[in-house]
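**Q** no sequence for this one, just the structure:
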């Protein structure tokens, strides 16, 4: 039986694309003040990878470039979605980043507290508990 | 012009998008302790994809397996989001076999 490597290549590209995007979007959005720059970079990287996927005759390479390209294009958008999470307080703001400092001053929901840095406890938090959790962090 | 990569990338984007939905729904009704089973199913899909001779079939099964593997690492964080009230919380979760043992393991989170 002939082994078909396209599945494994697609799996690796999908997993790595999502992983790299997940980690680097959060990191870059946190550090960079002018968000359009990394967003434009991700956009052109994505377009470049799609162009490469057109040009190669290898199906394995084409699939890898096609998948990674689409995930980079998505990351260009995700940087702005991450900024919205900062505004909502669903991701912690970085006070040393001027853009985040402005968000902290403008949006009452924004916080430096990382709500997700805990473990599930099995039942929901009451609003009193949530307020206490947030105050303890401030 | 080789359209395989782009069309594949777009379909993969939908598979990843589907991941958002099943992670949210799955965690709500079944709980995050299913993660080892989801991870195992993902690995089986990726291994299975090696033996499918049809290129689209193999690629799609591989990408789907990767999204199961990734989703298994997202379930724990989703459980916290639901407890925080960012998503509806359902308290009659259907727990997996050996939930007590799995509870003692550190759930992956990348």
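**A** In hand now; what should we look at? Fair warning: this is a prediction, and the values are worked out from it, not measured in the lab.
**Q** Only C-alpha atoms from now on, for both contacts and neighbour counts.
**A** Noted.
**Q** surely residue B:50 meets residue B:57?
**A** No. Residue B:50 is not in contact with residue B:57 according to C-alpha atoms under 8 Å; the separation is 10.1 Å.
**Q** Tell me which of those two has more neighbours.
**A** Each of residue B:50 and residue B:57 has its neighbours counted (other C-alpha atoms under 10 Å in any protein chain shown); residue B:50 has more, 20 against 13.
**Q** which residues does the spatially closest residue to that one that is not a sequence neighbour contact?
**A** Nearest non-adjacent residue to residue B:50, counting by C-alpha to C-alpha, 6 or more residues apart in numbering or on different chains: residue A:4, 4.9 Å away. Contact analysis of residue A:4 by C-alpha atoms under 8 Å, 6 or more residues apart in numbering or on different chains lists B:49-53, B:55, B:58.
**Q** Please identify the longest helix in chain B, counting by residues.
**A** When chain B is parsed with DSSP state H, its longest helix is helix B:55-83.
**Q** May I ask which helix or strand of chain A has the lowest mean pLDDT?
**A** Across the helices and strands of chain A, mean confidence by mean pLDDT, DSSP states H and E is lowest for helix A:127-137: a mean of 84.
**Q** which outside residues touch that helix?
**A** A:113, B:84.
**Q** same thing but 7 Å
**A** residue A:113 (C-alpha atoms under 7 Å, 6 or more residues apart in numbering or on different chains).
**Q** residues from chain A in reach of chain B?
**A** A:3-8, A:10-11, A:14-15, A:50, A:53-57, A:59, A:62-67, A:70, A:116, A:119-120, A:123-125 (C-alpha under 7 Å from any C-alpha of the partner chain).
**Q** Repeat the analysis, applying 6 Å as the threshold.
**A** A:3-8, A:10-11, A:14-15, A:53-55, A:62-63, A:66-67, A:70, A:120, A:124-125 (C-alpha under 6 Å from any C-alpha of the partner chain).
**Q** sorry, back to before: pLDDT of the longest helix of chain B, averaged?
**A** Averaged over helix B:55-83, pLDDT sits at 96.
**Q** what packs against that helix?
**A** In this structure, helix B:55-83 packs against helix A:6-31, helix B:35-49, with contacts taken as 3 or more C-alpha pairs under 6 Å, 6 or more residues apart in numbering or on different chains; DSSP states H and E.
**Q** For those, give me a markdown table that also has mean neighbour count.
**A** Below are the helices and strands packed on helix B:55-83 laid out as a markdown table (neighbours: other C-alpha atoms under 10 Å in any protein chain shown):
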| stretch | mean neighbour count |
| --- | --- |
| helix A:6-31 | 21 |
| helix B:35-49 | 20 |
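**Q** In CSV, list the ones you listed along with mean pLDDT and distance to residue B:15.
**A** Formatted as CSV, these follow (pLDDT from 0 to 100; distance: least, C-alpha to C-alpha, whole Å):
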stretch, mean pLDDT, distance to residue B:15
helix A:6-31, 97, 10
helix B:35-49, 98, 13
